[in-house]
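Peer 1: Everything below, folded, please.
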Amino acid sequence: MDDLHAVLNFWFGLDTDDAKTAQSQAKLWWSKSDDMDAAIRDGFANLVEQAIQNELSGWENTAEGRLALIILCDQFPRNMYRNLPESFAYDAQARVYCEAGLQLQADRQLRPIQRVFFYLPLEHSESLADQDKSVALYDALRREAPEAQRETFDGFYQFAIKHRAIIGRFGRFPHRNAILGRTSTADELTFLAGPGSSF
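Peer 2: Numbers count the residues shown, from 1 in each chain. Here you go, the predicted model:
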């Protein structure tokens with residue numbers, strides 16, 4: 001198996017039903033696991049570095065290749081460097097791959113569940129303009145999803161709204177402050193003490 005499909009198969013599994021994929025891969029995507037973090041670090045660290053160094057530029061020629069680049073820069077570092085500043089170090093590059101792909105409408109060539117992760121660099125951004133775009137994209141995605149899968153994609157839309165609300169309120173994600181060495185305001189500390197303050 002080539003590296004590109006190794007990334008996609010690892011992240012999305014092999015099921016072709018998007019709702020089933022969302023269910024079967026949820027633990028990988030959203031749970032914290034030292035073993036899984038280590039597996040991603042051991043299996044993909046070299047590819048992450050290549051993506052950052054623009055050594056995989058040929059992958060940009062296909063929608064799936066661009067998606068794999070986004071996952072390498074946006075998702076895998078969050079596992080590889082959990083609770084370290086490096087976990088966010090490649091976000092800007094992920095947004096570059098995402099934004100250029102949107103201009104080319106590469107996202108339209110992907111399965112809906114794959115588009116969730118194509119758009120995620122915008123949801124991870126601390127720019128309100130990016131957050132507005134994220135909410136619009138996830139709103140369109142849920143409207144276009146098959147009726148049987150609408151609940152799955154409504155959930156992703158609700159998460160986009162929650163991310164935007166935090167950026168709209170604070171201009172940044174307060175839960176990143178300690179990791180990035182930023183000083184939290186009194187309002188942020190109150191927020192962090194409550195539920196739903198981190199993702």
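Peer 1: so which helix or strand takes in the residue nearest the centre of the chain?
Peer 2: The residue lying closest to the centre of the chain (C-alpha atoms, centre = their mean) is residue 120, at 3.7 Å. Secondary structure from DSSP states H and E places residue 120 in helix 112-123.
Peer 1: for that helix, the distance to its chain's centre please.
Peer 2: How far helix 112-123 lies from its chain's middle: 6 Å, per C-alpha atoms, centre = their mean, to the nearest Å.
Peer 1: Flag every buried residue along that helix.
Peer 2: Going by neighbour count (16 or more other C-beta atoms under 10 Å), the buried part of helix 112-123 is 112-123. No exception for glycine: its C-beta is placed from N, CA and C like everyone else's.
Peer 1: Isn't the residue nearest to the centre of the chain up against residue 78?
Peer 2: No - contact criterion C-beta atoms under 8 Å: residue 120 and residue 78 do not qualify, at 10.2 Å.
Peer 1: Which elements pack onto the helix holding residue 120?
Peer 2: Here helix 112-123 touches helix 3-12, helix 18-24, helix 63-70, helix 91-103, helix 128-144, helix 150-170, going by 3 or more C-beta pairs under 8 Å, 6 or more residues apart in numbering; DSSP states H and E.
Peer 1: Which residues does that helix contact?
Peer 2: Contact partners of helix 112-123, identified using C-beta atoms under 8 Å, 6 or more residues apart in numbering, comprise 8, 11-12, 18, 21-22, 64, 66-67, 70-71, 73-75, 91, 94-95, 97-98, 101, 106-107, 110, 130-131, 133-134, 137-138, 141, 144-145, 149, 152-153, 156, 159-160, 163.
Peer 1: Likewise for stretch 8-15?
Peer 2: Counting by C-beta under 8 Å, 6+ apart, residues outside stretch 8-15 touching it are 1, 21, 24-25, 28-29, 43-44, 64, 67-68, 71, 75, 113-114, 117.
Peer 1: rewinding a little: and the helix holding residue 120, average pLDDT?
Peer 2: Per-residue pLDDT values over helix 112-123 give a mean of 98.
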